[in-house]
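Peer 1: Everything below, folded, please.
(one chain, ligands or ions: 1)
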Amino acid sequence: MDKVVIVTGATSGIGQETARYFAEKGATVVGVGRSKERGEQLEQSSEDLSGSIDFYQVDVGKEEEVEQFIKKIMTTYEKVKVLFNNAGVADVALGPLSRVSDEEWDRLFHINLKSIYYMVNHSERLFGKNAAIVNNAAIVGTHKYPSALPAYSAAKAGVVALSKSMASRYAKRKIRVNAISPGPIDTPLARKLYGSEEGFQKAFKQHPRGSFGTPLEVAKAVYFLSSEDASYINGHNLVIDGGYTLS
Ligand SMILES: NC(=O)c1ccc[n+]([C@@H]2O[C@H](COP(=O)([O-])OP(=O)(O)OC[C@H]3O[C@@H](n4cnc5c(N)ncnc54)[C@H](OP(=O)(O)O)[C@@H]3O)[C@@H](O)[C@H]2O)c1
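Peer 2: Residues are numbered from 1 along each chain as shown. Just a heads-up that it's a prediction; the model follows:
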């Protein structure tokens, strides 16, 4: 696969696995995150893959950083084929609504939702025909609404709506935009969310299939949605949860 692929939140979990999966398939991956240390590890881990991963330190919740990043990559790459807007946090704005501060609410919305608007607006010119954007939402945006995740759920619902709106805007340019809504996936974010190893293991085993999803299972779905095999799939929200929301 001779493609330039941008993955945000590539320094951990789902994004890291997706960056590596695309690079394994030969893509030129631009991995984005805030942690320089984990970014360098990501680059090193790609050395034996058929493609490559270059790390860029960017806070996607800050428009000026996104703008500078896109300007920088424009000098290196002519066109971008795939953008996976994946960066997200769940450790701010936690707890019932009454305990969520205005500042936390805004911080979560900037990173989990507004970052997609920043990324897409600034990178628009970089997309050629038959490009694909995949935005990472979550089942709590459209299927389950835990009381402890009000801002997270609302932002993720926004990701789905924004994806559909963008899909309709870019259809004529042949840029497809889809959302994914993973159920629980075994990543550092999910482990922190369950509070303790005990809480995490309990939830893990209660999943209908006996285990959470893996980052690789999500990466494969992102790869499919970005590929020509999904050429007629546009504006879709793909639930990836192993049947978690069925019962
Ligand atoms: N795990 C789940 O159960 C689950 C379920 C549904 C949806 N999701 C969604 O999947 C996405 C990835 O989550 P994950 O579970 O893989 O979590 P993770 O392991 O904590 O990874 C999150 C990634 O996002 C990056 N990130 C966070 N804030 C950022 C910022 N301001 N700027 C740039 N990068 C930022 C982190 O990098 P740095 O720390 O280096 O900045 C990290 O690479 C999130 O959008 C999450 O909401 C996860």
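
Peer 1: Just the residues contacting stretch 52-72, thanks.
Peer 2: 8-11, 19-20, 23, 28-36, 39-40, 42-43, 45-46, 73, 85, 87, 107, 110-111, 114-115, 118-119, 122-123, 126 (C-beta atoms under 8 Å, 6 or more residues apart in numbering). Heads up, the C-betas are built off the backbone N, CA and C, glycines and all.

Peer 1: rerun at 7 Å
Peer 2: Applying C-beta atoms under 7 Å, 6 or more residues apart in numbering, the contact partners of stretch 52-72 are 8, 19, 23, 28-32, 34, 36, 39-40, 42-43, 46, 87, 110-111, 114-115, 118-119, 122-123.

Peer 1: Please apply the same query to stretch 193-206.
Peer 2: 90, 184, 191, 211-212.

Peer 1: Stretch 133-142 now?
Peer 2: 14, 83-86, 88, 116, 120, 146, 149, 152-153, 156-157, 159-160, 163, 166, 175, 177-183, 222, 225-226, 237, 239, 241, 244-245.

Peer 1: change it to 6 Å
Peer 2: 83-86, 116, 149, 153, 156-157, 159-160, 163, 177-181, 183, 222, 225-226, 241, 245 (C-beta atoms under 6 Å, 6 or more residues apart in numbering).

Peer 1: ChimeraX command for the buried members of the contacts of stretch 52-72?
Peer 2: Here is the ChimeraX selection string for the buried members of the contacts of stretch 52-72, based on 16 or more other C-beta atoms under 10 Å:
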select :8,19,23,28,29,30,31,32,34,39,42,43,46,87,110,111,114,115,118,119,122,123
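
Peer 1: Narrow the contacts of stretch 52-72 to those in helices?
Peer 2: 19, 23, 36, 39-40, 42-43, 115, 118-119, 122-123 (DSSP state H).

Peer 1: Now do the closest residue to Pro150 other than its chain neighbours: how many residues are near it, please.
Peer 2: Nearest residue to Pro150, sequence neighbours excluded (C-beta to C-beta, 6 or more residues apart in numbering): Leu97, at 4.7 Å. Neighbourhood size, Leu97 [other C-beta atoms under 10 Å]: 12.
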